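A.B. asks: can you look at this prediction? I've put the sequence above it.
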Amino acid sequence: MRTIRRDGWTAADYDSQQILHELGHRDAVARVNRARRPHPVRRAWHTLRTRLHRPAPNTPCIDWVAARAAADAVNRGEGDEADRIVMATADPHATSFATFRLLNAE
């Protein structure tokens, strides 16, 4: 007698097996098990496709070197110099907030 494996089957799997059996397929259990097998290539392709088409995250680009230099300029009392440093970065808004975090509160 052959062992029939039905590990982790769902109600839909049992329904599929019953339908295949009624349609006259000789080994409906094997067909359902074959359909349930993992498909590593399909999974890898799906993962790659979703990563390629996912929009880029909208994270700020903080220039920490410029933020530290601007914070030092503010601490020295040179606000115009700090403004020039921050405005020269790729994301002045995020860099100015980083500068604010680095200020000495004395």
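C.D. replies: Looks like it came in fine.

A.B. asks: quick one: residues in contact with stretch 38-57.
C.D. replies: Around stretch 38-57, nothing counts as a contact under C-beta atoms under 8 Å, 6 or more residues apart in numbering. All C-beta atoms are positioned from the backbone trio N, CA, C, and that covers glycine.

A.B. asks: now that stretch: how far from the chain's centre is it?
C.D. replies: Offset of stretch 38-57 from its chain centre (C-alpha atoms, centre = their mean, to the nearest Å): 11 Å.

A.B. asks: ok, stretch 80-93 next?
C.D. replies: With C-alpha atoms, centre = their mean, you get 31 Å for stretch 80-93.

A.B. asks: check stretch 28-38 too.
C.D. replies: On C-alpha atoms, centre = their mean, the centre of stretch 28-38 falls 31 Å from that of its chain.

A.B. asks: ok, stretch 9-21 next?
C.D. replies: For stretch 9-21 - counting by C-alpha atoms, centre = their mean - the centre lies 34 Å from the chain centre.

A.B. asks: swap in stretch 92-106?
C.D. replies: With C-alpha atoms, centre = their mean, you get 29 Å for stretch 92-106.

A.B. asks: same check, this time on stretch 18-27
C.D. replies: Chain-centre distance of stretch 18-27: 41 Å, with C-alpha atoms, centre = their mean.

A.B. asks: end to end on it, go ahead and measure it.
C.D. replies: 11 Å (C-alpha to C-alpha, to the nearest Å).

A.B. asks: buried set for it?
C.D. replies: If you call a residue buried by 16 or more other C-beta atoms under 10 Å, then stretch 18-27 has these buried ones: L20.

A.B. asks: so G24, which of the three states?
C.D. replies: G24 carries the three-state label coil when classified by DSSP: H, G, I helix; E, B strand; the rest coil.

A.B. asks: host element of the residue nearest the centre of the chain?
C.D. replies: Nearest to the mean C-alpha position of the chain, counting by C-alpha atoms, centre = their mean, stands R51 at 7.5 Å. Assigned by DSSP states H and E, R51 belongs to helix 40-53.
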